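Provided below for reference: sequence and predicted model.
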Protein chains: 2
Amino acid sequence: MNIQSFTPPNRILMGPGPSNIHPRVLKAMGAPIIGHLDPVFIDMMDELKSLLQYAFQTRNALTMPISGPGSAGMEACFVNLVQPDDKVVVCRNGVFGSRMLENVTRTRGRPVVVDDTWGEPVDPQKLDDALKANPDAQLVAFVHAETSTGACSDVATLVEIAHRHGCLAIVDSVTALGGSPLKVDEWGVDAIYSGTQKCLSCVPGLAPLSFNEAAVERLKKRSEPVQSWFLDLNLLVGYWAAGAKRAYHHTAPINSLYALHEALVMLREEGLENAWARHRHHHLALKAGLETLGIRFVVDAAYRLPQLNAVYVPDGVDEALVRQRLLNEFNLEIGAGLGALAGKAWRIGLMGHTCSKDNVLLCLRALNSILSDVGLGIQSGAAEAAARTYYRQTNGN
Amino acid sequence: MNIQSFTPPNRILMGPGPSNIHPRVLKAMGAPIIGHLDPVFIDMMDELKSLLQYAFQTRNALTMPISGPGSAGMEACFVNLVQPDDKVVVCRNGVFGSRMLENVTRTRGRPVVVDDTWGEPVDPQKLDDALKANPDAQLVAFVHAETSTGACSDVATLVEIAHRHGCLAIVDSVTALGGSPLKVDEWGVDAIYSGTQKCLSCVPGLAPLSFNEAAVERLKKRSEPVQSWFLDLNLLVGYWAAGAKRAYHHTAPINSLYALHEALVMLREEGLENAWARHRHHHLALKAGLETLGIRFVVDAAYRLPQLNAVYVPDGVDEALVRQRLLNEFNLEIGAGLGALAGKAWRIGLMGHTCSKDNVLLCLRALNSILSDVGLGIQSGAAEAAARTYYRQTNGN
């Protein structure tokens, strides 16, 4: 075994996440470590909570990052809110709905699945029907921004339906946070989790989470202990409580939290609405270019996430080979299709720091070049030119 | 809310972990992010597995870091190996034994607790007695290096007893890995987890884990699904499998894994036995100085961990004030007592990169200064002088 220090290549990450990390965030993460019970660190944790409240647009006191990836955030919601035999309606329109279902089963809840077509948003009518047919349901779970398809569901409407039937709503917003509108309080979301490696452009490994009072109430009223010690919010609340009350639970991922703090400071500097607008702006430029290449979107324009562009692979094209060439020849990563879209789609991410004019143009130039090369009869440079026209017309950068 | 970029102070971390991180490790972590399914990253993951096998002294194929802190590593062992109603003998001689017990309960196992005195190692005879009285037990769990007391238990003997009674052994080695002898294969350990922020001097947030074939066999024979999706090793094995077989599970904490890779490369450069010897060497220097101050160790010398020095607070001393002054006046963090030792002990860590002559001397100088100040009648500079004598006599650095 002769293993040397690892030096990664410089990639442009336009897949479904992680996105590229801003140098300021990498620099923050590389600061010297301090203890997780150091008063200075505790002040930083308090700031982090405020910054996350801003990003989520919530005043929920229980707003904090879980010390694990997005899937740990998902699990935190389910293990804390579901008790054995609780009936949970899970809306499934992609991979992450299926994962929610797994979580219900493993917490010994009774799932009711509402299936929607992949690439379409969750259908409010179907949810309403399912809740009418299951008046004993206690929770509704769905994905806001489905990372496997790029479809955006109407959170406010779905939450309203859940509440009307006496249910709390658990929302997966891993791919939306910081990239497209998300208003936790205004929309009445009860429990939500996200990830840091998408539109926040932070390192992967943290899962921002927020519970409103109704969710906390439900947690407190549990008759059985939470099945996960590590994710038990009754204990985590003690760890993330303000100031002197802090109780040891686990050792926080200190340097990753530095990174999240800086990523959120940058989000505040830009302004949340401006960040949403930026994602939409570059999405439209990308769209102009992709359409020139004859590439079709999986999701209808009305429900399309700007930060995750799932598109069909043109007929006769070896999709894996194209991704491999993009990576090897252009240092550019785009994502493969997942689940029902495996082999049929690409997922082109425009997330956080990666979402810029330079990257849109690079991606279009590279794709155009390779697709011209494999003989699709596409004019060289056409896609980039279309995007440049869009930018010129909108005075956009 | 006026929140600025966060700049931590420069602390010397001589608590129970985290330890200080070597600049090489921080630099590795700050390298640009690449995708977690990038072939270059997958090669790095394979190297990481080899490096962890070296650190654990094992050939176990299932050796990898869990994407969460040490307590997630603990939970990974229990949720994968315990099924409802399985009888598990838990040896408890400190905080982390209690946490193991929590894990058994929450996985709906039937725990049998073997209590030992805090500050003493697990008593092999008591374990043997418990197993004789519980012939239906299937698992034994204990802590190798108890972070709450600094006591080291005899892993090889305890594992041998477990096996003689037909049980598998789950071992917590969070504080030992890289700091004091640990030989997973030679000692026959079935399942083990550790942390990265102790003697590996890496960032917190990862939990190295290793299962031998018997543990994998037990996992495969489960009749019920693992209660945690996030920690289900059946799925994680697919994610960490060699080369092309890799299946998406979650987004790995990529930059933290860069850091772990570099920390382990450094451990190999030093050599595991040399690292163990270094921890012992500086422990003896620290001990020479502390004894000059009249400070007594909690743990008998025969069972004392060199990397975690739990010592009694001298009578009449306000222990929290001393820690506060060390932090504010010397930028030096030492740990408070935990659980039964809260308010009565300090925990002085000498872990990984922090374990050096300079830090030993600083710690003794600072403690001596403050204790002289509060009027304990201790001669100024005596502790440092004693350590310097030890270093001179051993030609040590």
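Looks like it came in fine. Numbers count the residues shown, from 1 in each chain, chains lettered A, B, ... in the order given.

Centre of the chain to the longest helix anywhere in chain A, how far?
Looking across chain A with DSSP state H, the single longest helix is helix A:272-292. On the basis of C-alpha atoms, centre = their mean, to the nearest Å, helix A:272-292 is displaced by 17 Å from the centre of the chain it belongs to.

Return the set of buried residues in it.
Under the neighbour-count criterion of 16 or more other C-beta atoms under 10 Å in any protein chain shown, helix A:272-292 has A:272, A:275-276, A:278-290, A:292 buried. In short, each C-beta sits where N, CA and C put it, glycine included.

One more: stretch A:104-112?
For stretch A:104-112, burial by neighbour count (16+ other C-beta under 10 Å) applies to A:104, A:105, A:106, A:107, A:109, A:110, A:111, A:112.

domains of chain A?
Structurally, chain A divides into domains by automatic domain parsing as follows: A:23-268, A:271-393.

Pop out the phi and psi values for the closest residue to chain B within the stretch 251-397 of chain A.
When distances are taken as C-beta to the nearest C-beta, the stretch 251-397 of chain A reaches nearest to chain B at residue A:253, 3.1 Å away. Note on residue A:253: its backbone torsions stand at phi -80, psi 80 [degrees, to the nearest 10].

element containing the closest residue to it other than its chain neighbours, please.
Among residues not flanking residue A:253 along the chain, residue B:205 sits closest, at 3.1 Å (C-beta to C-beta, 6 or more residues apart in numbering or on different chains). Residue B:205 is part of no helix or strand, with elements assigned from DSSP states H and E.

For residue B:205, give its distance to residue B:29.
According to C-beta to C-beta, to the nearest Å, residue B:205 and residue B:29 sit 11 Å apart.

any residues in contact with both of those two?
Both residue B:205 and residue B:29 are in contact with residue B:256, where contact means C-beta atoms under 8 Å, 6 or more residues apart in numbering or on different chains.

by contact count, what packs against the lowest-mean-pLDDT helix or strand in chain A?
Ranking every helix and strand in chain A by mean pLDDT, DSSP states H and E puts helix A:233-240 at the bottom, with a mean of 86. On a contact count with 3 or more C-beta pairs under 8 Å, 6 or more residues apart in numbering or on different chains; DSSP states H and E, helix A:233-240 meets strand A:62-66, helix A:213-220.

mind listing what's buried in it?
Quick answer for helix A:233-240 (16+ other C-beta under 10 Å): A:233, A:235, A:236, A:237, A:239, A:240.

After the host helix or strand of residue A:361, which helix or strand is next?
Per DSSP H and E, residue A:361 falls inside helix A:357-373. Counting by DSSP H and E, the next helix or strand C-terminal to helix A:357-373 is helix A:382-393.

name the helices or strands packed onto that following helix?
For helix A:382-393, the packing partners by 3+ C-beta pairs under 8 Å, 6+ apart are helix A:272-292, helix A:357-373.

angle of it against helix A:357-373?
150 degrees (axes from the mean of the first three to the mean of the last three C-alpha atoms, to 10 degrees).

neighbouring contacts of helix A:382-393?
Contacts for helix A:382-393 (C-beta under 8 Å, 6+ apart): A:284-286, A:288-293, A:357, A:360-361, A:364-365, A:367-368, A:396-397.

could you measure the residue in the stretch 101-250 of chain A that chain B sits nearest to against residue A:35, distance?
When scored by C-beta to the nearest C-beta, the stretch 101-250 of chain A has residue A:205 as its residue closest to chain B, at 3.0 Å. Using C-beta to C-beta, residue A:205 is found at 20 Å from residue A:35.

Give me the more crowded residue out of the two.
Higher neighbour count among residue A:205 and residue A:35: residue A:205, with 34 against 25, using other C-beta atoms under 10 Å in any protein chain shown.

Enumerate the residues of the stretch 151-300 of chain A near chain B.
By the rule C-beta under 8 Å from any C-beta of the partner chain, the part of the stretch 151-300 of chain A lying against chain B is A:195, A:197, A:203-205, A:225-230, A:248-256, A:258-259, A:261-262, A:265, A:268.

7 Å - rerun?
Residues of the stretch 151-300 of chain A that fall close to chain B, judged by C-beta under 7 Å from any C-beta of the partner chain: A:197, A:203-205, A:225, A:227-230, A:250-256, A:258, A:261-262, A:265.

Make a ChimeraX selection of whichever of those residues turn out to be buried.
Buried residues among these (16+ other C-beta under 10 Å), as a ChimeraX selection:
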select /A:197,203,204,205,227,228,229,230,250,251,252,253,254,255,256,258,261,262,265
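
returning to that earlier point: can you lay out the helices and strands packed on helix A:233-240 as a markdown table showing mean neighbour count and distance to residue A:324?
Output for these, formatted as a markdown table (neighbours: other C-beta atoms under 10 Å in any protein chain shown; distance: least, C-beta to C-beta, whole Å):
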| stretch | mean neighbour count | distance to residue A:324 |
| --- | --- | --- |
| strand A:62-66 | 24 | 34 |
| helix A:213-220 | 16 | 44 |
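
For residue B:347, which of those is the nearest?
Of all those, it is strand A:62-66 that lies closest to residue B:347, at 26.5 Å by C-beta to C-beta.

Please determine how far the residue of the stretch 101-250 of chain A closest to chain B is located from residue A:65.
From residue A:205 to residue A:65 the distance is 10 Å (C-beta to C-beta).

my guess is residue A:139 is in a strand, correct?
Yes - with DSSP: H, G, I helix; E, B strand; the rest coil as the criterion, residue A:139 is located in a strand.

What's opposite it in the beta bridge?
Beta-bridge pairing of residue A:139 under DSSP bridges involves residue A:88, residue A:168.

which residues does it contact?
A:81, A:82, A:86, A:88, A:167, A:168, A:170 (C-beta atoms under 7 Å, 6 or more residues apart in numbering or on different chains).

Including distance to residue A:213 and pLDDT, could those residues go into a markdown table?
Output for these, formatted as a markdown table (distance: C-beta to C-beta, whole Å; pLDDT from 0 to 100):
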| residue | distance to residue A:213 | pLDDT |
| --- | --- | --- |
| A:81 | 13 | 98 |
| A:82 | 18 | 98 |
| A:86 | 19 | 98 |
| A:88 | 20 | 98 |
| A:167 | 16 | 98 |
| A:168 | 11 | 98 |
| A:170 | 15 | 98 |
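
mind putting these in JSON lines, neighbour count included?
Putting the contacts of residue A:139 into JSON lines (neighbours: other C-beta atoms under 10 Å in any protein chain shown) gives the following:
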{"residue": "A:81", "neighbour count": "25"}
{"residue": "A:82", "neighbour count": "28"}
{"residue": "A:86", "neighbour count": "19"}
{"residue": "A:88", "neighbour count": "27"}
{"residue": "A:167", "neighbour count": "22"}
{"residue": "A:168", "neighbour count": "23"}
{"residue": "A:170", "neighbour count": "29"}
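
Tabulate those in JSON lines, adding columns for distance to residue B:16.
Shown next, in JSON lines, are these (distance: C-beta to C-beta, whole Å):
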{"residue": "A:81", "distance to residue B:16": "33"}
{"residue": "A:82", "distance to residue B:16": "34"}
{"residue": "A:86", "distance to residue B:16": "38"}
{"residue": "A:88", "distance to residue B:16": "40"}
{"residue": "A:167", "distance to residue B:16": "43"}
{"residue": "A:168", "distance to residue B:16": "39"}
{"residue": "A:170", "distance to residue B:16": "36"}
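
Residue B:59: which of those residues is nearest?
When those are compared for distance to residue B:59 (C-beta to C-beta), residue A:82 wins out at 39.8 Å.

can I assume the closest one is in contact with residue A:101?
No - judged on C-beta atoms under 7 Å, residue A:82 makes no contact with residue A:101 at a distance of 11.8 Å.

which neighbours do these two share?
With C-beta under 7 Å, 6+ apart, residue A:82 and residue A:101 have no common neighbours.

which residues touch residue A:224?
Per C-beta under 7 Å, 6+ apart, neighbours of residue A:224: A:83, A:84.

For my notes, confirm it occurs in a helix.
No - Residue A:224 is assigned coil when assessed by three-state DSSP, not a helix.

unless I'm mixing things up, residue A:48 is touching residue A:257, no?
Yes - applying C-beta under 7 Å as the test, residue A:48 and residue A:257 come out as touching, 6.4 Å apart.
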